[in-house]
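**Student:** pasting the sequence and the predicted coordinates here, then a few questions.
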Amino acid sequence: NAGVTQTPKFRVLKTGQSMTLLCAQDMNHEYMYWYRQDPGMGLRLIHYSVGEGTTAKGEVPDGYNVSRLKKQNFLLGLESAAPSQTSVYFCASGWDAGRVNSYNEQFFGPGTRLTVL
Amino acid sequence: AQSVTQLDSHVSVSEGTPVLLRCNYSSSYSPSLFWYVQHPNKGLQLLLKYTSAATLVKGINGFEAEFKKSETSFHLTKPSAHMSDAAEYFCVVGNQGGKLIFGQGTELSVKP
């Protein structure tokens, strides 16, 4: 099993450009998440999904959109990139929170390092 | 509402000495708690998790953590630090909706 994979690993954008980050998981998890990591702030939740076709806002959703057309994929889009979106982005997946023994454990991808100039 | 506070932003120890990384949490119900480690330019790796089965939780690489409800703490310890332990450590609490709340991280330095 590959676990959680993210594409691309690195990207440099100019202000105003758009891009999509792809997350894929092969563990048949219902829940998927996108986080951003900034120095001294831990990880902050951007958007999440509790199942195919569903999305919900997290703590810092502004400037991002997401889609979950297939259970195994979760896409994060930046329509018009800004320097404030320079960050490391992590995708994660996990079992349904109501499932016995899920314990809210999440499995993380390797991250995407994005720089917006 | 739940929250988690890592009491030290940076801890420095000598190789072979004990490690203590402190974490306090706030939760209105019995939480799930985790410690993750992140080595430089790497992703997050789960060290251990508390799921109410036992208050003393053993993890990978010799780490362990003790859940103390009366103190609302979940401190991470290791008897003897190794150079390879140098990394950033995150204390995390899980909520009933399937979300995780991260602490701000503690950077562990290990001196030879």
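**Tutor:** Now that the structure is in, tell me what you want to look at. Numbering: from 1, shown residues only, chains lettered A, B, ... in the order given.
**Student:** now the residue nearest the centre of chain B: closest residue in space, sequence neighbours ignored.
**Tutor:** Chain B has B:Trp35 as the residue nearest its centroid, 3.7 Å off, counting by Cα atoms, centre = their mean. The shortest distance from B:Trp35 to any non-neighbouring residue, by Cβ to Cβ, 6 or more residues apart in numbering or on different chains, is to B:Leu47 (4.3 Å). To be clear about C-beta, it is placed using only N, CA and C from the backbone, and glycine gets the same treatment.
**Student:** what residues are up against the one you found?
**Tutor:** B:34-37, B:59-61, B:63, B:76, B:89 (Cβ atoms under 8 Å, 6 or more residues apart in numbering or on different chains).
**Student:** need the max-distance pair from those.
**Tutor:** B:Phe34 and B:Asn61 (15.0 Å; Cβ to Cβ).
**Student:** more neighbours, those two?
**Tutor:** B:Phe34 (28 against 12; other Cβ atoms under 10 Å in any protein chain shown).
**Student:** give the pairing partners of the one helix or strand in chain B whose mean pLDDT sits lowest; include direction for each.
**Tutor:** Least confident element among the helices and strands of chain B, by mean pLDDT, DSSP states H and E: strand B:100-102 (a mean of 89). Note on strand B:100-102: by DSSP bridges, its sheet partners are strand B:87-94 (antiparallel).
**Student:** against B:Leu76, how distant is A:Leu117?
**Tutor:** Between A:Leu117 and B:Leu76 the distance is 38 Å, computed by Cβ to Cβ, to the nearest Å.
**Student:** actually B:Lys99, sorry about that
**Tutor:** For B:Lys99, the distance to B:Leu76 - Cβ to Cβ - is 21 Å.
**Student:** the two: who's more crowded?
**Tutor:** Using other Cβ under 10 Å, the more surrounded residue of B:Lys99 and B:Leu76 is B:Leu76, with 24 against 20.
**Student:** what is the burial count for the nearest residue to the more buried one once chain neighbours are set aside?
**Tutor:** Computed as Cβ to Cβ, 6+ apart, the closest residue to B:Leu76 that is not its neighbour in sequence is B:Leu21, at 4.3 Å. As a burial measure, B:Leu21 scores 24 neighbours (other Cβ under 10 Å).
**Student:** before we move on, back to that, could you dump the contacts of B:Leu47 to JSON lines with pLDDT and secondary structure?
**Tutor:** Output for the contacts of B:Leu47, formatted as JSON lines (pLDDT from 0 to 100; DSSP: H, G, I helix; E, B strand; the rest coil):
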{"residue": "B:Phe34", "pLDDT": "93", "secondary structure": "strand"}
{"residue": "B:Trp35", "pLDDT": "96", "secondary structure": "strand"}
{"residue": "B:Tyr36", "pLDDT": "95", "secondary structure": "strand"}
{"residue": "B:Val37", "pLDDT": "95", "secondary structure": "strand"}
{"residue": "B:Gly59", "pLDDT": "94", "secondary structure": "coil"}
{"residue": "B:Ile60", "pLDDT": "93", "secondary structure": "helix"}
{"residue": "B:Asn61", "pLDDT": "93", "secondary structure": "helix"}
{"residue": "B:Phe63", "pLDDT": "97", "secondary structure": "coil"}
{"residue": "B:Leu76", "pLDDT": "98", "secondary structure": "strand"}
{"residue": "B:Tyr89", "pLDDT": "97", "secondary structure": "strand"}
